[in-house]
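Student: Need coordinates for the following:
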Amino acid sequence: MMMGLNHWVRGANAAFRASCRLLSSTPQALEPVKRVSLRDIQRWYDQGRPLVMATAYDYPSARHCELAGIDVVLVGDSVAMVQYGHETTQKLTVDQMLFHCVAVTNGARVPYLIGDMPFGSYEVSAEDAMRNAFRFIKEGNVQAVKVEGGRTIAPTVERIVQSGIAVMGHVGLNPQRVSRMGGFRAFGRTASEAYEVVQDAVALEQAGAFALVIECVPEPVGDLVTQAVGIPTIGIGAGGKTSGQVLVYHDLVGMLQHPHHAKVTPRFCKRYGAVGPVVQHALEQYAEEVRTRAFPSEEFTPYSISTDELAELQRRYMEKSPTFAKPGLLRTPPSNTEEGASPY
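Tutor: Numbering: from 1, shown residues only. Coordinates of the predicted model:
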């Protein structure tokens, strides 16, 4: 009797140990993804680590940015030119920008996300600007907004910041003001104009901006602005002495190859890829294979129907539609999908 009891106890202990091993090997819940924060950006700035920023406008470009380890993603109003085909960035509405913000937010879970407030969404009044900025945070799911302009826009920036929203400023060339400028051009090539850029940067910092984009200025001017403020500066055509750099996604990957894009691509853009020709070749090859019936080949025709089922189908078709039935209309396709195999 005791031997039987001991045997039962040993068995129970073995089962208990096995259960413990099973429980210890149970997959644990994944830690939530940690998004880059303003504290991270400030820490990297204090450490002298260059900040990497790129634009994105949709889920695929956002995913590419995240996988590449981009620190900051700007949902830029440059989408007006590279995806909508407009001549300037002035045509966009807040609703259009929010549409792109949501797509980028879904694709980029780690980078710090900034939404570009479009032309006309913050200039009318501080109240109007705050109302639209709230929409970017609540509906667009971004962490901050960006506005163009210097001293004239500083009071509005201060109001937005006081309302609890982080703001990135933008000095030098302001593409949204192209109508007044008469075209895109470099800024700060005279001492007086360069000094205005510095004054604009200082005013935005004093208004509470956490960072600045400096666009299309000579490198010494970008350097001077960076020295004049105590917040990160992100250069685009401003030389290599700023706190970081930003480029437009389509420009840096070589996405587009057409006259409009060639006309609006700035001289400072370095092309790190040639995606456009690859896409163009793929589309041309697809069109050629469809027209020559090379596609779809047997390899890409995975769905089959048995001979008996096909015969039954043809019988029903002949009975119901004898006028339209043609000899050989229904042919047995090659069976290249194993039973039970996924067609995908």
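
Student: in a helix, that's where R271 is, yeah?
Tutor: No - using DSSP: H, G, I helix; E, B strand; the rest coil, the secondary structure at R271 is coil, not a helix.

Student: what separates it from Y249, distance-wise?
Tutor: 12 Å (CB to CB, to the nearest Å). Heads up, the C-betas are built off the backbone N, CA and C, glycines and all.

Student: can you pull the contacts of Q245?
Tutor: Neighbour list for Q245: P50, L51, V52, M53, I234, G235, I236 [criterion: CB atoms under 8 Å, 6 or more residues apart in numbering].

Student: and with 7 Å instead?
Tutor: Neighbouring residues of Q245 by CB atoms under 7 Å, 6 or more residues apart in numbering: V52, M53, I234, G235.

Student: re the thing from before, when R271 and Y249 are compared, which one has more neighbours?
Tutor: A side-by-side neighbour count of R271 and Y249, using other CB atoms under 10 Å, places Y249 first with 26 against 14.

Student: Looks like that one contacts D58 (just checking).
Tutor: No - using CB atoms under 7 Å, Y249 is not in contact with D58; the gap is 9.4 Å.

Student: Which stretches in the protein count as helices?
Tutor: When secondary structure is read from DSSP state H, the chain shows helices at 2-24, 38-47, 59-67, 79-82, 94-107, 126-138, 154-162, 178-181, 191-207, 219-228, 249-253, 259-264, 275-291, 307-320.

Student: can you tell me how far the residue nearest to F268 when sequence neighbours are not counted sits from R109?
Tutor: Spatial nearest neighbour of F268, chain neighbours left out: G237 (3.6 Å); criterion: CB to CB, 6 or more residues apart in numbering. Distance, G237 to R109, using CB to CB: 30 Å.

Student: next one: R35
Tutor: From R35 to R109 the distance is 7 Å (CB to CB).

Student: can you check Q206 too?
Tutor: 33 Å.

Student: contacting residues for the closest residue in space to V36 that isn't next to it in sequence?
Tutor: Among residues not flanking V36 along the chain, Y112 sits closest, at 4.1 Å (CB to CB, 6+ apart). Shown here is Y112, whose contacts under the criterion CB under 7 Å, 6+ apart are R35, V36, S37, I41, D71, V72, Q143.

Student: repeat for G230
Tutor: So G230 contacts E205 (CB under 7 Å, 6+ apart).

Student: which regions of this structure lie under the pLDDT threshold?
Tutor: Residue ranges of the chain with pLDDT under 70: 1-32, 179-184, 257-265, 321-344.

Student: rerun that using 80 as the cut-off
Tutor: 1-33, 178-185, 256-268, 320-344 (pLDDT under 80).

Student: What about A209, how many residues nearby?
Tutor: 27.

Student: distance of it from Y59?
Tutor: Look at A209 and Y59: by CB to CB, they are 29 Å apart.

Student: same thing with I41?
Tutor: Where Y59 is concerned, I41 sits at a distance of 24 Å (CB to CB).

Student: got the contact list for the closest residue to V157 other than its chain neighbours?
Tutor: Leaving aside its sequence neighbours, V157 sits nearest to A207 (CB to CB, 6+ apart; 4.1 Å). By CB under 7 Å, 6+ apart, the contact set of A207 is A154, V157, E158, V161.

Student: Then V213?
Tutor: K146, M168, H170, I234, I236, V246.

Student: if we go to 6 Å?
Tutor: H170, I234 (CB atoms under 6 Å, 6 or more residues apart in numbering).

Student: May I have the beta-bridge partners of it?
Tutor: In this structure, V213 bridges to H170, I234 when assessed by DSSP bridges.

Student: backbone phi and psi for the residue nearest to F268, please?
Tutor: Here is the backbone geometry of G237 (degrees, to the nearest 10): phi 70, psi 30.

Student: any idea how far it is from H170?
Tutor: 13 Å.

Student: Neighbour count: these two, which is higher?
Tutor: H170 (26 against 22).

Student: how much space between the more buried one and E66?
Tutor: For H170, the distance to E66 equals 24 Å [CB to CB].

Student: leaving aside the residues next to it on the chain, what's closest to R109?
Tutor: Per CB to CB, 6+ apart, closest to R109 is V33, 4.7 Å.

Student: Equivalent analysis for I153, please.
Tutor: In space, I153 is closest to V147, 6.0 Å off (CB to CB, 6+ apart).

Student: For the one you found, give me phi and psi.
Tutor: Main-chain torsions, V147, degrees, to the nearest 10: phi -130, psi 150.

Student: Just give me the neighbour total for it.
Tutor: Neighbour count for V147, taken as other CB under 10 Å: 24.

Student: and the gap between it and T190?
Tutor: 25 Å.

Student: again with H100
Tutor: H100 sits 36 Å away from T190, going by CB to CB.

Student: higher neighbour count, those two?
Tutor: Set H100 next to T190 and count neighbours by other CB under 10 Å: H100 wins out with 25 against 9.

Student: quick one: contacts for that one?
Tutor: Counted by CB under 6 Å, 6+ apart, H100 has contacts Y57, V75, V79.

Student: For the last one, list the residues it contacts.
Tutor: Contacts here follow CB under 6 Å, 6+ apart; on that basis V79 touches Y57, H100.
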